[in-house]
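Asks: build me a structure from this.
(4 chains, ligands or ions: 4)
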Amino acid sequence: MPELVQEVAPRELTMAQAINEALAEEMRRDPSVFIIGEDVAEAGTPFKVLKGLVEEFGPERVIDSPISEAGITGLGVGAAMTGLRPVVDLMFGDFVTLAMDQMVNQAAKIHYMSGGKLKAPMVIRTTLGATRRSAAQHSQSLHAWFSHVPGLKVALPATPYDAKGLLKTAIRDDNPVVFFEDKLMYQKKGPVPAEEYTLPFGVADVKREGSDITLVATSSMVYVALEAAELLARDGLSAEVVDLRTTFPLDKETLIESAKKTGRALVIDEGYERYGVTAELASVIAEGAFYHLDAPVKRMGAMDVPIPFSPVLEDLTVATSAGVAAAAKALCGRA
Amino acid sequence: MPELVQEVAPRELTMAQAINEALAEEMRRDPSVFIIGEDVAEAGTPFKVLKGLVEEFGPERVIDSPISEAGITGLGVGAAMTGLRPVVDLMFGDFVTLAMDQMVNQAAKIHYMSGGKLKAPMVIRTTLGATRRSAAQHSQSLHAWFSHVPGLKVALPATPYDAKGLLKTAIRDDNPVVFFEDKLMYQKKGPVPAEEYTLPFGVADVKREGSDITLVATSSMVYVALEAAELLARDGLSAEVVDLRTTFPLDKETLIESAKKTGRALVIDEGYERYGVTAELASVIAEGAFYHLDAPVKRMGAMDVPIPFSPVLEDLTVATSAGVAAAAKALCGRA
Amino acid sequence: MADSEVKLSVADAAGLTEVGLEQWLHMYEQMARIRAFEEQVNQLYLSAKMPGLAHLYIGQEAVAVGVCEALTRNDYITSTHRGHGHCIAKGASTDRMFAELLGRAAGYCRGKGGSMHIADQETGNLGANAIVGGSAGIATGAAFTSKRLGEGRVAVCFFGEGALGQGLLYEVMNMASLWKLPVLYVCENNLYNEYTRYEETTAGTLGGRAQAFNMHAERVNGQDIRQVYTAANRLVGRARGGNGPAFLQCDTYRFMGHHVGDIDRTYYRTKDEERTWREERDPLPLLKTWLLGQGQADQSMIDQIEREIRDEIAAAVQFALDAPYPDAHEVTQHVYA
Amino acid sequence: MADSEVKLSVADAAGLTEVGLEQWLHMYEQMARIRAFEEQVNQLYLSAKMPGLAHLYIGQEAVAVGVCEALTRNDYITSTHRGHGHCIAKGASTDRMFAELLGRAAGYCRGKGGSMHIADQETGNLGANAIVGGSAGIATGAAFTSKRLGEGRVAVCFFGEGALGQGLLYEVMNMASLWKLPVLYVCENNLYNEYTRYEETTAGTLGGRAQAFNMHAERVNGQDIRQVYTAANRLVGRARGGNGPAFLQCDTYRFMGHHVGDIDRTYYRTKDEERTWREERDPLPLLKTWLLGQGQADQSMIDQIEREIRDEIAAAVQFALDAPYPDAHEVTQHVYA
Ligand SMILES: Cc1ncc(C[n+]2csc(CCOP(=O)(O)OP(=O)(O)O)c2C)c(N)n1
Ligand SMILES: Cc1ncc(C[n+]2csc(CCOP(=O)(O)OP(=O)(O)O)c2C)c(N)n1
Ligand SMILES: [Mg+2]
Ligand SMILES: [Mg+2]
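Replies: Ligands and ions are numbered 1, 2, ... in the order given. Next up is the predicted model:
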């Protein structure tokens, strides 16, 4: 989080406002930026994140599309290759399934396949996160897939500050960036300076310092980790919380150094655990901090089940602060 | 590999023949099995794997489709839900990008979403593997994606024997199974008994026993590992080669026990390394064999680049036996 | 006709399939059941008793009921995020539906599916689908099975006009037409894709999309169940007889929001428009008026139906509210068959 | 006309766009260049000098050349797995193309793309694509850029009739029509999707697929470059003038196999059929005969063109064979811009 040297109370924005502001600023700065997606204009998306943008930038730059995820992504690739900077809105992260060819076979590869001559500078904004009672096709966190694909970058901010800074970076990046927003965090508030700033990709953020165990977390799970750290503090355990911010580029160094320091690491992510983001992070730490680890690296992804509708079941599928704290305690030999 | 107690020389089939035979046997056994895909009938696919099937089973059960990967997969899901057992042919593994919604949001979830009432018993046969000079959109090994998804099973056989046994199991399985065949192994020969057999999912196969290091490999990389084991043997190192056979269900026990025994493990896969199958395998081993490992688990996936056309570049992207042997030696402190 | 000119001439019954009073009353009852169910769902939402959201079918009842009335229990349907109406019309019972919407173990999917994934194998409902257009392949595949096994079943694929934005529809319509599969694509044009007017997202006509594949296409006033039923009956019979798929556009309107939380709608459609549809094109009064006007039915029959449904819905929702949640261990059940 | 009735009446020049001799000869030259290039590619394959496979354009030359002749260098094209013809027609040079096919650093994509991914930004070629239909979004997006920036450029999307199996085509044709994007969808109907006759995979007509989106569609004899050019010229002008996209079906035939390795083809098409097309519908002799018959050109002009091309191709392939492979370090270059 930013170290605010001002004396005045920092400006607070919700995550939705921060994202909106990032888009508005970039659209003002660069006329080649435009937004395309379903119900993005007057409706401002079902999450209301884009509210007001069509009024400022007009329907030529904030475009309501047919319900054609592959089509709008493909159109975005072509527009990006010819000089524009599209921000394609895929309402729910689950709908990326419809646009995979355009994202993975087209956007991600064109720079390489053309020997560096063409490029596709575009952002695909989408969502992740469960516990919204939206059931199996509207709740997934599929960022592991894109993290796997050379040519793509993947950001998943946890705070309004990070969201704004990373989204501005994403828009300016010359590569396709998949930008994951947690649906349930849109109303979360946090300090966001009024001045212009961007945040670099590939730099994890230590959201809390600690010495006994490292909790590596992404997106929504950063809060779970921070709460778990509070719980652990009550038990006299000092947890360091590292927010990844981008799964690729991956800040291996920060992860490994933190794990070396604490000797223990637990990685937490809202994607399915199996073959998911936690696997990469755990194996990077296990390899990089091998000689410093006092316990195996532990992973906590979402349960490997399609996400159930019933609240009593759904809540079981995602890591909780109590669960993380318990696992961390066990790792520290305090079970 | 099967322990053949017969005295006669075992029957040898190519991988293509073994797959063809598995399909023919299952189609004879069960009239609900049918094949749909592009150029699967008279052409028998561009790889000629399905040769002769349309002649035996007719165009009603071996169906040439339009070039509609999403459509045929979706049709397959519906057919599976209503009593048939489709085998959907997606010619190149790269084309799964077009069918992800049907595979991941529909087929994989219907059993769970319906509370166990509906099911989608189907096989999606597709390919993986590079070094065929087919460039970035015809060379990927994307099995990590499906391994990540609850509700799917994923098989990737390395020998004709395994291919036949696993494919028959896949067809009989009541769940959607994604079945990956290495394009370059179709002509590889191996013993396949004439008698009926099936192979269980979730059982890794120790293709070679050893004591100094465990090489875990999948599909094409099993041969790379076996060759590397030969090279290592010349240097007095005894490598155990474990062929995963299915990434899910995952035979954690065999991996972990082998790593515990040898104290060292190297995992090799043809998918992109980053956030790929090697990450899961490495972290499972690192966690499960933590107190027995003498060195960090090392991963060798494909290079994290879109697959280049030029042979001189393409060959650099995939693990080779020499590379594996060198890495294994280094792990054993013999660099 | 222009897309918004959906008028109903109650007097004109020419060309309608003749059915007995009992069947008309059954259709009325089914529409009333959907209406009452959905009003109750809205109440559950407003009183914070229902988890998540739901997309109400109010206003569109004549489509689901008119089409399903032309089907047998054995026939298949696939449905959408706005699927309660299809589910009821195909024969599901409202108690287990409410239980599903409330995430209870007694629900059709043991609470695991919820509003957007209700399925009921017993009545041939292969499931609602939260992916717009996502069930088009499934319906086509079900028709494929029927044809392959010679079962004589027909599959109906319900979808909103917005689903024609999805490429999948075209892929499967091509195959259905090529292979003469017994499938009926029922496009419910309620004029909006969420919060966007469909003309803004739709070039050409809706039916033209099917005709391009040499598929027979028809268009009816979706508020007049007599027309819907007549057309569906003919097209289902056609499909069952081996004459291939068809596309049926039903012009309709959702009276409520896109989902229960969509309260302020004036930024995308006028109150006037809503009023016109509600007051002049409500499928229930339209059928009732016709039945009464014809002297076929009398008011007491209608009253009785409505009374019974009120009681049924009250009992059904109570059943659901009292029903237990699934056990925690169920979370890992049914991932694999 | 029936799909296979592609006849050419050499005498009939009514309605053709009038162009000067020089331009006709340029078109002939471009077709001859493609033909010679592809024959050389086949040789490279047969002599095992080319890695992988290639899909030859022989027989279809009039389509790429006729269409690209109606474009300026600034206009965009997207291409397919069968893309050499488009690339040459848009102005690429054959030496760097051979180099690409041989995986050399001097290739248009430094050897990283190969036959199926040749792109040449300089001539507006946004790339061949190995995903059937995969470039339809890209072409539409390029047209979007042109319109948004008021550049007046037109984008041409080349694809085979098999690509109409892909849902993406429909998604983007809808948007192109809605937003009047300056894009021309050129469907090359060569009668086969790989090894399957297109009628087996195609319900209805090809052009009807575009008309469903209210898009203007035309159909021409793709072996007669005069017709292709005339139609393309008109449709490109129309698009450039802000009158929206169009669909142009060109009936054509690939004389060789699906790819260089597809030698025995009798199981999917007859030798007779191949002979008829080769002998009666070869676009090069057809144009030549017409030019000579008209007295516009004489044989020596044609001979000179062919001689020059023979020399050019020989030099170009030699250039490529002599060119170095990319350095090993290039393997990790260009993953990110
Ligand atoms: C593939 C996909 N894209 C977007 C959505 C979000 N969404 C849900 S309903 C809807 C509008 C659907 O419109 P229509 O098909 O006309 O059905 P209606 O809601 O009018 O019944 C959208 C865009 C979705 N569920 N699936
Ligand atoms: C999405 C996709 N599916 C399948 C293939 C394999 N494939 C390559 S070319 C081809 C046939 C294409 O037919 P058509 O579009 O008519 O082009 P043509 O080869 O006749 O020029 C197929 C099926 C592919 N490359 N991409
Ligand atoms: Mg609608
Ligand atoms: Mg073709």
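Asks: quick check: residue C:253 is in a strand.
Replies: No: in this structure, residue C:253 is coil, not part of a strand, as judged by DSSP: H, G, I helix; E, B strand; the rest coil.
Asks: how many residues are close by the nearest residue to it once chain neighbours are set aside?
Replies: Closest residue in space to residue C:253, ignoring its immediate chain neighbours: residue C:277 at 4.2 Å, by CB to CB, 6 or more residues apart in numbering or on different chains. C-beta: built from backbone N, CA, C; applies to glycine. Here the count is done by other CB atoms under 10 Å in any protein chain shown, and residue C:277 has 21 residues near it.
Asks: so what's residue C:277 up against?
Replies: Going by CB atoms under 8 Å, 6 or more residues apart in numbering or on different chains, residue C:277 touches C:59, C:223, C:253, C:255.
Asks: from those, pick the one nearest residue C:233.
Replies: residue C:223 (17.6 Å; CB to CB).
Asks: if we look at stretch A:284-292, which residues are touching it?
Replies: The contact list for stretch A:284-292 (CB under 8 Å, 6+ apart) reads A:214, A:216, A:250, A:252, A:255-256, A:259-260, A:263, A:265, A:267, A:293, A:296-297, B:282-283, B:286-287, B:293, B:295-299.
Asks: where in the stretch 151-300 of chain A is pLDDT low?
Replies: Counting by pLDDT under 70, the stretch 151-300 of chain A contains no low-confidence segment.
Asks: mind listing the strands for it?
Replies: Remark: strands assigned in the stretch 151-300 of chain A by DSSP state E, counting those that start in this stretch are A:153-155, A:177-182, A:189-191, A:205-208, A:213-217, A:239-243, A:246-248, A:265-272, A:298-302.
Asks: turn these into CSV, including mean neighbour count and distance to residue B:239.
Replies: Below are the strands of the stretch 151-300 of chain A laid out as CSV (neighbours: other CB atoms under 10 Å in any protein chain shown; distance: least, CB to CB, whole Å):
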stretch, mean neighbour count, distance to residue B:239
strand A:153-155, 27, 35
strand A:177-182, 26, 39
strand A:189-191, 17, 52
strand A:205-208, 18, 40
strand A:213-217, 30, 32
strand A:239-243, 26, 36
strand A:246-248, 27, 32
strand A:265-272, 30, 29
strand A:298-302, 24, 28
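Asks: for the residue of the stretch 201-337 of chain C found nearest ligand 1, which non-adjacent residue is spatially closest?
Replies: Of all residues in the stretch 201-337 of chain C, residue C:258 sits closest to ligand 1, at 5.9 Å by CB to the nearest ligand atom. Spatially, and ignoring its direct neighbours in sequence, residue C:258 is nearest to residue C:194 (5.1 Å; CB to CB, 6+ apart).
Asks: do the same with residue A:148
Replies: Nearest non-adjacent residue to residue A:148, counting by CB to CB, 6+ apart: residue B:275, 4.1 Å away.
Asks: that neighbour contacts residue A:280, correct?
Replies: Yes: proximity of residue B:275 to residue A:280 meets the contact threshold set by CB atoms under 8 Å, at 4.6 Å.
Asks: and these two? Which one has more around it.
Replies: residue B:275 (33 against 29).
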